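no sequence on this one, just coordinates:
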Ligand code: 5RP
């Protein structure tokens, strides 16, 4: 199977997992990226079964609206049952690196509001230790060089993602060469650097369910 077929398979598995639990008032939190896009396209066929969605990015909002799915402001909905999103890396504890699509801050906010975070990913995303994928850090633009210097002190090699401005007006530093043995600790440390908006480690609030697409089928980890 191709990587896209694996992504489609996990999107379908997530859909089948949530569909029986939806009702007319349900609002669904939706992530960003190609795997989330497969999920949105599959979900659209069932749009009469739920109320609408909360989006983690402008790109996802546009795709949802193109399908005729209502998109709500997070402030108007409070908490909700499900958040479905992809990941750039996961370990077996369902701690993640996210933000390859620069949507990490809104993804983290929407995930925080959900009772259950269902991560959908192809098997290439599973690693023994997080950090092979450069860790995205969203930063206030004027703090970029300061934050980069502080990250070097933590042992990382930050690279400015040129030409990218996030939905929040931030910029992204991709931090290379981190071996992340203690994801929760590093998530907290980076968040404490002045000028950091958020970082792409999802360890303090990891996924609750991981649906991993493999050549032999979808493996569900909890
Ligand atoms: C965007 C993300 C995505 O979930 C992550 O980059 C995975 O993307 P894809 O589903 O395209 O492999 O964190 O900020």
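Arrived safely, thanks for sending. Just so we're clear, the structure is a prediction, and the values are computed from it rather than from any experiment. Numbering: from 1, shown residues only.

same for the lengthiest helix in the chain, what does it pack against?
In the chain, ranked by residue count with DSSP state H as the criterion, the top helix is helix 3-18. In this structure, helix 3-18 makes packing contacts with helix 34-43, strand 80-85, strand 114-122, strand 209-214, strand 217-221, judged by 3 or more Cβ pairs under 8 Å, 6 or more residues apart in numbering; DSSP states H and E. For the C-beta atoms, the positions are set from N, CA and C on the backbone; glycine is no exception.

Make a markdown table out of these and add mean neighbour count.
As requested, the helices and strands packed on helix 3-18 are arranged in a markdown table below (neighbours: other Cβ atoms under 10 Å):
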| stretch | mean neighbour count |
| --- | --- |
| helix 34-43 | 22 |
| strand 80-85 | 24 |
| strand 114-122 | 23 |
| strand 209-214 | 22 |
| strand 217-221 | 14 |
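
mind putting the ones you listed in JSON lines, mean pLDDT and distance to residue 63 included?
What follows is these, written out as JSON lines (pLDDT from 0 to 100; distance: least, Cβ to Cβ, whole Å):
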{"stretch": "helix 34-43", "mean pLDDT": "98", "distance to residue 63": "5"}
{"stretch": "strand 80-85", "mean pLDDT": "98", "distance to residue 63": "13"}
{"stretch": "strand 114-122", "mean pLDDT": "97", "distance to residue 63": "16"}
{"stretch": "strand 209-214", "mean pLDDT": "98", "distance to residue 63": "20"}
{"stretch": "strand 217-221", "mean pLDDT": "97", "distance to residue 63": "23"}
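
I'd like to know how far the residue of the chain positioned farthest from its centre sits from residue 169.
Relative to the average C-alpha location in the chain, and by Cα atoms, centre = their mean, no residue lies farther out than residue 153, which sits at 26.5 Å. Here the distance between residue 153 and residue 169 works out to 26 Å (Cβ to Cβ, to the nearest Å).

Kindly report the same for residue 57.
Using Cβ to Cβ, one obtains 14 Å as the distance from residue 57 to residue 169.
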